[in-house]
Every structure is written in C-alpha cells, then in structure tokens.
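K.L.:
Sequence below, structure please.
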Amino acid sequence: MNDNLIIDIKNIAKIYEMGTEKVYALRDVSISIHKNEYVAIMGPSGSGKSTLMNILGCLDTPTSGHYYFSNEDVSSMDDNDLAEIRNRQIGFVFQTFNLLPRASALKNVELPLVYAGVPSSQRYERAKKSLEDVGLGDRITHKPNELSGGQRQRVAVARALITNPSIILADEPTGNLDTKTGEEIMALFGELWKRGNTIILVTHEEDIALHAKRIVRLRDGLIESDKINSKQIIFE
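P.N.:
Model prediction:
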C-alpha cells in the first residue's frame, strides 16, 4: 500500500431504508486523498456530501464498498474501533463549534487528551501550545461566552489539532461566522495546510471551497467532478 495515501474509498454506497423505499445517499463513490492534500467536498443539499463526510470521519459506515484509512479497512469495523480511529486520527471542526460552555478554552482543548488518558500535566502544556498555535495564547482561561465567534472557532481548531491527527475534517467551518471572521478562519486553515496538515473541507459555498487545492463536487450521490483548483486562494 502507498504510505502517502491516507484515505482510499473504493466503490462505496450508502442506502437508507425508509419503510419499503430505499434511498441511495451515495452510489459507487471512489476517492483517494494523500498526506498534505487540501480538499473541498462540495454539493447542493441532498447531494450526499454530509453522508460522505460522516463516512470519512468514521461516524458512519458504508452499506457496500471499502474504506481504507491509513491502510486499514475501516468499512467493517465495530463502533469501538471506529471511536479509536476518530479519537486519535481525525480532528473535527464543526459549524456550531461544539464547545463546553462552562469550561475554559484550555479545558475544551484538553478534552480529547482526557479521553486518550494523557496525564494532566502533559495535557496542560499541549493544550496551551495548541491555543498559542492558533493565536489564542492570551485567552486560555476564557469561557466560550467570553470569546467572539471567530475565537470560538479557533478554540475548536486548536482542539482538533491537539492529538496530532492524520486529517482535519471541517464541516461548514465558517457557517456561523461573518464574512471577515470567516476569511480569518480560512487563512488559519491555509497556514495549517502549509505546515503539513491534511485538510478536508465540506462546504456548499463556492468562495470557501476556492481556498482548497482540489475540489470534489457531488450530485445525486455521485462524484460529478474531481479537479485541481487553479484559482486557489492563498493568504501570504
């Protein structure tokens, strides 16, 4: 197998049964993603992009086909094995931030390390460094309601990075932000990509997708196109 290949999806389908009706959310989808790629997955509502994101993030499994993550076939893993992959190898960034409201920025970022059984002294140093890496070294004691929307998303990014994951999976990461703040978050993703991180961005917004190096477009559960983005927006 290719050591540089992180994600290799082969002919996956996802079928939901609604009573007697079968709904095909994905049909025969194949996609490969290598280390340090920056990929945007786009598509209108109902195209299958959320279903694909859930499968990529090991939150769901395909009905048929195979999904290899870091050379492991995760398509038939049980819930415990999938949770292990999620906790150690995938950093999630969500539209709604998903922060604990009563916990400080530092405690929110520490959380994945708590689940991983990392000692508290190490957790503190790593979480502090992760917050510094996203420009929030002076906000470590602040709670979410004491931070702006952009700062909350930066906390979420710091939390996603804390386990040194194989990929960062961002689902509509600017959806709850104003345009200027959204641009700042996309600039941060650009920096992370330049540092060597692998980023998969799920969005329905064309201007957000243009920050990625490669754009995969879905329609009706199929890949409509998969192209290198020649108009990539890069912040210096």
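K.L.:
what's the neighbour count on residue 56?
P.N.:
23 (other Cβ atoms under 10 Å). To be clear about C-beta, it is placed using only N, CA and C from the backbone, and glycine gets the same treatment.
K.L.:
swap in residue 52?
P.N.:
27.
K.L.:
and the closest residue to residue 150 other than its chain neighbours, how far is that from residue 151?
P.N.:
Excluding its sequence neighbours, the residue lying closest to residue 150 (Cβ to Cβ, 6 or more residues apart in numbering) is residue 181, at 3.8 Å. With distances taken as Cβ to Cβ, to the nearest Å, residue 181 is found 9 Å from residue 151.
K.L.:
got the contact list for the residue nearest to residue 150?
P.N.:
By Cβ atoms under 8 Å, 6 or more residues apart in numbering, the contact list for residue 181 reads 148, 149, 150, 153, 174.
K.L.:
For residue 199, state which of these is nearest.
P.N.:
Nearest to residue 199, judged by Cβ to Cβ, of these is residue 174 at 13.5 Å.
K.L.:
returning to what we had before: what is the three-state secondary structure of the residue nearest to residue 150?
P.N.:
State at residue 181, reduced to three classes by DSSP: H, G, I helix; E, B strand; the rest coil: helix.
K.L.:
Model confidence score at it, please.
P.N.:
Looking at residue 181, its pLDDT reads 92.
K.L.:
just residue 32 next, same as before
P.N.:
97.
K.L.:
So it sits against residue 7, correct?
P.N.:
Yes - applying Cβ atoms under 8 Å, one finds residue 32 in contact with residue 7, separated by 6.6 Å.
K.L.:
the more surrounded of these two?
P.N.:
Neighbour comparison, residue 32 and residue 7: the larger count goes to residue 7, with 21 against 14 (by other Cβ under 10 Å).
K.L.:
Nothing else from me, thank you.
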